[in-house]
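Peer 1: here you go, sequence then predicted model.
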Amino acid sequence: MLIDGTIVAKTPEEGTELHVKDGHFCPALEKAIKTMKRGEKVKLIVESKYAFGENGRDASNGFPAIPPNSVLNIDLVLLSFKPVIDVTGDTKVLKKILREGEGTVSANDGAAVTIRYTGKLQDGTIFERKGFDGVGPLEFVIDEEQVILGLDRAAATMKKGELCIVTINPEYGFGNNEIERDLAVIPPCSTVVYEVEMVDFTREKAPWEMSNHEKIETAGMKKEEGNALFKNGKFQRAAKRYEKATDYVSEDGTSEDGEQKLVKALRVSCWLNIAACNLKLNDFQGAIKLCSKVLDIEFYNVKALYRRAQAYIETADLDFAELDVKKALEVDPQNREFKSMQKKLKQLQVESNKRDAKLYTSMFAWMKKDTPVATKRLKVEKAEGEKMDEDAMAVEMQQNEGKTEDEKRDRDAMAMEMEKVAVSSAPPNNEMVVDSN
């Protein structure tokens, strides 16, 4: 309301739902709501710059106009709020919780989940429904590419019984493709909105919940899943599987003597496979780090030497690559791959030397070209300096000659003055003046 009590806006008794970032009524509300708790009531005195400023507002929805530069009094109650979660960290998958789930545990990667959902386009067109009208809910395993990535990532954050709205950017949805679903066609580059309920889920067992035998078995299974993904060119997902496998056979884990070798072999194999993924993904430093980790415990591991040498070549560290190749050939002198890499290294070294020689030649040519100019400039400056010194000396000599003549005139004048004094002081008739004492 205005200062005089005129009501200029009012919400229904049940309140109005809004997105804080989108604002509502005037800029002051967005700032105030961010500081409030559920159920809190406040009275705001809003200066014009946080209300409608110099322009004011025309009459709207049956309420009178707001004059320019008006101060407003606003009674505000935060009835409830629904948190919005940035699932992927880039605001491209947003989850708004409509109903909180049970407990504190959410689904995780590898969990078998059951969800009920309605999928819509932004204009409200429903393209798919699961778990309603006699249609069963959707069951899938998280992180198995069984649903679009945005829905998969959102489900991994949900608790049992949770109800939420998930808004998914095309990058995490159906991309640039036109997709036909059960109830409608999804146009290319569509942002889609899902209302999702987590009916139930069964989490994948964590390593600390398993026996040693289960850990080794699960690690082997994850490694095989990674191998399948690698063969299909899904290197990032494959690396994730190998990393998961190493969690089950970590260095700080305990195992019986008979299992130690198997655990070590699994760990080394997964590190090498992750390094192979890193090479495919152009993460050469990551590959070097993992291969070095392997070589710390297996000094002559040929695969580690080969993959690290590959990474060193890509980072132009040819000397390091050569050392790894030589070390590998000590172990396996007839290894064709290392011999081929050795030839490649020699060729790369020759090319590198040529580039360096060309660079140095250009540098020396530039320096040589610039040197005579500097020398000539020095000679000119020196000649000019000498001429200036000669001129200065001539001026000084002239000044000294003038000074000598002036001194001579001063001495003559002084002599004449003294003579004058002597004459004026002489006794009359040239009589001898004798001291009477």
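Peer 2: Perfect, I can see it now. Please read these numbers as outputs of a predicted model, since none were measured by experiment. Numbering: from 1, shown residues only.

Peer 1: point out where the stretch 301-437 of the chain drops to low pLDDT.
Peer 2: 364-437 (pLDDT under 70).

Peer 1: give me that answer again for 90
Peer 2: Counting by pLDDT under 90, the stretch 301-437 of the chain shows low-confidence ranges at 331, 334, 349-437.

Peer 1: residue 97: what's it in contact with?
Peer 2: By C-beta atoms under 8 Å, 6 or more residues apart in numbering, the residues touching residue 97 are 82, 83, 85, 162, 163, 164. C-beta here means a position set from N, CA and C on the backbone, and glycine is covered the same way.

Peer 1: wait, the first one touches residue 95, no?
Peer 2: Same thing as residue 82. No: contact between residue 82 and residue 95 fails when scored by C-beta atoms under 8 Å: they sit 10.0 Å apart.

Peer 1: out of those two, name the residue with the larger neighbour count.
Peer 2: Ranked by neighbour count (other C-beta atoms under 10 Å), residue 82 and residue 95 place residue 95 first, with 26 against 14.

Peer 1: just confirm that one is within a strand.
Peer 2: Yes: residue state for residue 95 (DSSP: H, G, I helix; E, B strand; the rest coil) corresponds to a strand.

Peer 1: pull out the buried members of the contacts of residue 97.
Peer 2: 162, 163, 164 (16 or more other C-beta atoms under 10 Å).

Peer 1: same list, those, but as CSV with distance to residue 270, secondary structure and pLDDT please.
Peer 2: Shown next, in CSV, are those (distance: C-beta to C-beta, whole Å; DSSP: H, G, I helix; E, B strand; the rest coil; pLDDT from 0 to 100):
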residue, distance to residue 270, secondary structure, pLDDT
162, 34, coil, 97
163, 38, strand, 97
164, 35, strand, 96
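
Peer 1: can you pull out the strands in the chain?
Peer 2: 41-46, 72-77, 84-86, 93-99, 112-121, 126-130, 138-141, 163-168, 179-180, 185-186, 192-202 (DSSP state E).

Peer 1: distance to residue 357 added to those strands, as JSON lines?
Peer 2: What follows is those, written out as JSON lines (distance: least, C-beta to C-beta, whole Å):
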{"stretch": "strand 41-46", "distance to residue 357": "73"}
{"stretch": "strand 72-77", "distance to residue 357": "75"}
{"stretch": "strand 84-86", "distance to residue 357": "53"}
{"stretch": "strand 93-99", "distance to residue 357": "54"}
{"stretch": "strand 112-121", "distance to residue 357": "63"}
{"stretch": "strand 126-130", "distance to residue 357": "64"}
{"stretch": "strand 138-141", "distance to residue 357": "59"}
{"stretch": "strand 163-168", "distance to residue 357": "56"}
{"stretch": "strand 179-180", "distance to residue 357": "58"}
{"stretch": "strand 185-186", "distance to residue 357": "59"}
{"stretch": "strand 192-202", "distance to residue 357": "59"}
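
Peer 1: out of the ones you listed, which is the most enclosed?
Peer 2: Ranked by mean neighbour count, the strands of the chain are led by strand 163-168 with a mean of 22 (mean count of other C-beta atoms under 10 Å).

Peer 1: quick check: domain ranges of the chain?
Peer 2: 20-77, 84-204, 208-348 (automatic domain parsing).

Peer 1: can you say which of those is nearest to residue 12?
Peer 2: Residue 12 lies closest to domain 20-77 among the domains of the chain, at 11.6 Å (C-beta to C-beta).

Peer 1: about what we covered before: which one of the domains of the chain has the lowest average pLDDT?
Peer 2: Per-stretch mean pLDDT for those is lowest at domain 20-77 (a mean of 89).

Peer 1: just the terminal-to-terminal distance for it.
Peer 2: 14 Å (C-alpha to C-alpha, to the nearest Å).

Peer 1: distance to residue 318 added to the contacts of residue 97, as a markdown table?
Peer 2: Formatted as a markdown table, these follow (distance: C-beta to C-beta, whole Å):
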| residue | distance to residue 318 |
| --- | --- |
| 82 | 58 |
| 83 | 53 |
| 85 | 48 |
| 162 | 55 |
| 163 | 59 |
| 164 | 54 |
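
Peer 1: what's the closest of these to residue 151?
Peer 2: Proximity of the contacts of residue 97 to residue 151 (C-beta to C-beta) peaks at residue 164, which lies at 11.1 Å.

Peer 1: dihedrals phi and psi, the residue lying closest to residue 140 once chain neighbours are set aside?
Peer 2: Distances taken as C-beta to C-beta, 6 or more residues apart in numbering place residue 146 nearest to residue 140, at 4.0 Å, with adjacent residues excluded. The phi/psi pair for residue 146 (degrees, to the nearest 10) reads phi -90, psi -10.

Peer 1: give me the number of residues near residue 146?
Peer 2: Quick note: residue 146 (other C-beta under 10 Å) scores 13 neighbours.

Peer 1: ditto for residue 142
Peer 2: Applying other C-beta under 10 Å, I find that residue 142 has 22 neighbouring residues.

Peer 1: surely it touches residue 155?
Peer 2: Yes: counting by C-beta under 8 Å, residue 142 touches residue 155, with 5.9 Å between them.

Peer 1: now list whatever residues contact both of those two.
Peer 2: With C-beta under 8 Å, 6+ apart as the test, residue 142 and residue 155 both reach 107, 113.

Peer 1: pretty sure residue 121 sits against residue 190.
Peer 2: Yes: Residue 121 is in contact with residue 190 according to C-beta under 8 Å; the separation is 5.9 Å.
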